Every structure is written in structure tokens, then in C-alpha cells.
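**Student:** Starting from these lines, generate the structure:
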Amino acid sequence: QVQVEESGGGLVQTGGSLRLSCVLSGRTYSTLVMGWFRQPPGKEREFVAGIRWNGDVTRYADAVKGRFTISVDNAKNTVYLEMNSLNLEDTAVYYCAADPRGGWISDFGNNYHYWGQGTQVTVSS
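**Tutor:** Now for the predicted structure:
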């Protein structure tokens with residue numbers, strides 16, 4: 001069984017930065033995939049970024065490439081999402097999720113079996 005818990009959301013101005021954290025409890029292995037998703041107000045949930053637990057592979061949505069960075073600290077069982085140059089379109093509830101199947105990084109939320117409760121990120125002008 002795997003549990004994930006996000007933290008680090010908040011209110012930030014356009015152009016600002018935030019770092020989200022996701023603490024994982026339970027069994028981990030090198031090919032476990034961790035993903036960040038977000039759900040903007042009134043919109044569908046969307047993939048943001050993913051990483052394999054050993055940190056060797058990452059994947060980003062086009063909308064965040066060059067602005068967001070996903071990383072993992074295995075010693076702390078924590079995955080981070082560093083978000084820079086935030087804009088109004090980044091306002092959303094951000095979720096951390098784990099895909100136990102391992103291997104490639106899926107952008108399909110249904111492939112992720114374990115989800116956190118979400119953390120709100122609000123970008124203001």
C-alpha cells in the first residue's frame with residue numbers, strides 16, 4: 001500500500017515561484033512512477049509532470065516545460081515540483097499520484113492508483 005501527501009501550495013503573484021512537496025509512504029522501487037497533476041477551476045484534471053523513483057526519467061506537459069522542474073529525494077521519500085514563472089493559467093488544485101505499474105511515465109490519470117488530497121495553488125495578477 002502506498003500513501004502520498006502533498007504540501008506547499010499557496011497564493012503567489014504572477015511571475016512568482018512555489019515548490020510543492022509530495023511525501024510517499026509505503027513500498028518504493030526504482031521504476032515506481034510519480035506524477036503531478038492539476039485541476040484548474042471548471043476544467044478537467046491534466047498531467048503536469050512525472051518522474052521515475054530513481055530519477056532517471058522525467059516527463060513534462062508542454063504548458064510547463066522550461067518553467068517547472070520535478071525531482072525526487074529518495075532519502076526523504078519526497079517528490080518535488082519546483083514551479084517558476086507562474087501565470088494565471090497555473091491556478092489549480094495540484095495532486096501528487098503514484099503509478100505502481102512502473103516503467104514509462106503515463107500522462108493518463110487513471111493509470112495512477114494512489115492519489116493525495118491535493119494542494120491549492122492560486123496565482124494572482
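**Student:** how close does the most centrally placed residue in the chain sit to residue 59?
**Tutor:** In the chain, the residue lying closest to the centroid (CA atoms, centre = their mean) is residue 36, at 2.1 Å. Plainly put, residue 36 is 10 Å away from residue 59 if you go by CB to CB, to the nearest Å. Where C-beta positions appear, they are placed from N, C-alpha and C, glycine not excepted.
**Student:** Name the residues contacting each of these two.
**Tutor:** 49-50 (CB atoms under 8 Å, 6 or more residues apart in numbering).
**Student:** Enumerate every residue touching the residue lying closest to residue 11 once chain neighbours are set aside.
**Tutor:** Of all residues beyond its chain neighbours, the one nearest residue 11 is residue 122 (4.8 Å), with distances taken as CB to CB, 6 or more residues apart in numbering. Applying CB under 8 Å, 6+ apart to residue 122 gives the contacts 9-12, 91.
**Student:** which residues of this protein fall in strands?
**Tutor:** Per DSSP state E, the chain carries strands over the ranges 2-7, 10-13, 18-26, 33-39, 46-52, 58-60, 68-73, 78-83, 92-99, 114-115, 119-124.
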